[in-house]
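> sequence and computational prediction follow.
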Amino acid sequence: MEILVAVIAFAGALLAAVAAGALVRRLHEEPEGWLIAWAVAAGLLCLSLGVIGVGHLIGFGTVTFKIFQLTGSLLAPLWLAIGLIQLLAEKTPPKFGAWLFGVGFTVTASVILLMDPLKSEEMGKSLPDARAHWAIIPDYLLLAAHAIAALIMAGAVLVAALRWRDGDEYDTDNLHACLVIVPSGLALMGAMRFAVPGVFTTVLLIVAAAAIWYTVLRPLAPYEDDDEYDDFDAEPSQERRPTGRRAEPEPVTASPQGPATGPAPPRRSGLGDLVAEYRATGETDYAARMSPGDRGPSTGETGYASRRQPPDPGPSTGYVMNGHHTRHATPAADSDGPATGAIYPAADVFTPRVPATGPQPAVPPAPQGPSAKLSPKIYGMLTVFTLMDGAGAAFDRLAEQTVEAVRRGEPDTLVYACHAVKSAPLQRIVYEIYRDEVAYRDHQRQPHVERFINERQAMVLATNVIELDINAAKVVPLPTVMF
């Protein structure tokens, strides 16, 4: 029996060593606190299992018993619990407090357990009972460590469950991690605290190491739905920045208009296929993804003032046309747009696109009253950017320059506005409305748009895109402040 337990223990030690190595390798790319804590726990479990294997082969002594108890019984559950704090905490103080307590308790407990004499040093090849050998101070120290770790684990499950009710996929993933780590940690502490056969204690140590490995390195989340990418998942705000274990913000999705552009995405992120392709490969062939048609550039749309006569405002039908503005010969004449948004008069939304080449036929005014309908070719898009910490001011400056260039040189871009989010300082929303998809392709080929795409990469953590069908609209120039 001792040989069997030794073999199981050595196999478990190998598993824990592999898990610890994988966590350490991941730390080079993602230095997260919970990864550090669980890497420490995996290393402690590896050492504890190795000592169990040695003890069942040659017999336990004072040194092997103390190392087994220190690593497997006291420190491994403690660092599992500290890892949960690092995973779920959203503020710096609790994270720092957890580190301070963990390091201080580890040093103090290690000194006490290694220096305090045992009540009895008579041991065999079976796993010794801790209470039969520890004096009163180490025994109560172990009891306190188990109680603290159990309270932290129970609290972590409660917090994760409460966040999961109204949270996103990160909260779901964090709850899943808690439901894997906490039961294995509690079972391990129970086996160490009470008289349990050595084979079961060894197996529970292996289960704890496997739980760490599974939680950190398992295939990405079980709540995926690879076939549905239409729902918009709001990105977390600065206060609710994801603290979970997902660090892959650039999945490659399958395009609904063509073959997959890469491997299946790790999780549903709400990305449209265009942005997903760009984030995965660094470039996107927008023109190839659009429907066939005129690929020529915008011609400047001269003569719109004479060709497009706006109708009078109709009754309330879900949209109101601006009867006091016409499309000017030069876009710069619309000087009443906002600093971070370019908006053209609403009358243009209700009229068809007429190429500005050659003689221009007269276009009848749009129908008045309730019968007025939006052009079915109007193309819209809503993009939500979640920025890196400290990148807000630089992104806003870049967006203002881009918007100004759009105002001056893109007459077929009907609305181009960049919004800040009051409740989420790290979010920006760009709202775009184009006369049709040809205008959208023209927009994508502009140098200022290419510059916006290239320079924002270093500022953006995640991007969500929603393509829009415009059913009803009211668009008027926004008020501005003159300096």
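Okay, I see it.
> average model confidence for stretch 388-396?
Averaging pLDDT along stretch 388-396 yields 91.
> where are the low-confidence patches of the stretch 301-450 of the chain?
301-372 (pLDDT under 70).
> all strands of it, in order?
Taking DSSP state E, counting those that start in this stretch, the strands of the stretch 301-450 of the chain run over residues 341-343, 379-387, 413-421, 424-434.
> please convert those to TSV, extending it with distance to A473.
Every residue, glycine included, has its C-beta placed from N, CA and C. Formatted as TSV, the strands of the stretch 301-450 of the chain follow (distance: least, C-beta to C-beta, whole Å):
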stretch	distance to A473
strand 341-343	11
strand 379-387	9
strand 413-421	9
strand 424-434	8
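> what does the domain assignment say about the protein?
With domains defined by automatic domain parsing, the chain comprises 2-217, 305-352+371-468.
> from Q401, how far off is the residue nearest to D412 when sequence neighbours are not counted?
Among residues not flanking D412 along the chain, A439 sits closest, at 3.5 Å (C-beta to C-beta, 6 or more residues apart in numbering). Note on A439: its distance to Q401, by C-beta to C-beta, to the nearest Å, is 21 Å.
> same check, this time on F200
Distance of F200 to Q401, computed by C-beta to C-beta: 66 Å.
> got it, and F105?
Note on F105: its distance to Q401, by C-beta to C-beta, is 53 Å.
> more neighbours: which of the two?
More crowded of F105 and Q401, by other C-beta atoms under 10 Å: F105, with 18 against 14.
> host element of that one?
F105 belongs to helix 92-115 when elements are defined using DSSP states H and E.
> just V180 next, same as before
Here V180 sits within helix 169-193, counting by DSSP H and E.
> could you list every helix and strand in contact with that helix?
helix 76-88, helix 136-166, helix 198-217 (3 or more C-beta pairs under 8 Å, 6 or more residues apart in numbering; DSSP states H and E).
> can I get those helices in JSON lines including distance to G55 and mean neighbour count?
Below are the helices and strands packed on helix 169-193 laid out as JSON lines (distance: least, C-beta to C-beta, whole Å; neighbours: other C-beta atoms under 10 Å):
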{"stretch": "helix 76-88", "distance to G55": "17", "mean neighbour count": "26"}
{"stretch": "helix 136-166", "distance to G55": "18", "mean neighbour count": "16"}
{"stretch": "helix 198-217", "distance to G55": "9", "mean neighbour count": "22"}
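> any idea which of those gets closest to V24?
helix 198-217 (11.3 Å; C-beta to C-beta).
> can you give the contact residues for that closest one?
Helix 198-217 is contacted from outside by 1, 4-5, 8-9, 11-12, 15-16, 18-19, 22-23, 26, 35, 38, 41-42, 45-46, 48-49, 52, 56, 72, 76, 80, 126-127, 176-177, 180-181, 184-185, 187-188, 191-192, 245, using C-beta atoms under 8 Å, 6 or more residues apart in numbering.
> put the alpha carbons of stretch 15-29 into CSV.
Extracted C-alpha coordinates of stretch 15-29, given in CSV (Å, rounded to 0.1, in the frame of the first residue of the first chain):
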residue,chain,number,x,y,z
LEU,A,15,1.4,17.1,-12.3
ALA,A,16,1.8,20.0,-9.8
ALA,A,17,5.2,20.8,-11.2
VAL,A,18,3.9,21.0,-14.7
ALA,A,19,1.1,23.2,-13.6
ALA,A,20,3.4,25.5,-11.7
GLY,A,21,5.7,25.7,-14.7
ALA,A,22,2.8,26.6,-17.0
LEU,A,23,1.7,29.3,-14.6
VAL,A,24,5.2,30.7,-14.4
ARG,A,25,5.5,30.8,-18.2
ARG,A,26,2.2,32.6,-18.4
LEU,A,27,3.4,35.1,-15.8
HIS,A,28,5.9,36.4,-18.3
GLU,A,29,3.1,37.6,-20.6
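> and that stretch, which residues are buried?
Applying a neighbour-count criterion of 16 or more other C-beta atoms under 10 Å, the buried positions in stretch 15-29 are L15, A16, A17, A19, A20, A22, L23, R26.
> where's the nearest residue to the first one once chain neighbours are set aside relative to L382, distance?
The reference is to L15. In space, and not counting its chain neighbours, L15 is closest to A209: 5.6 Å by C-beta to C-beta, 6+ apart. Here the distance between A209 and L382 works out to 45 Å (C-beta to C-beta).
> having no further points to raise, I will conclude here.
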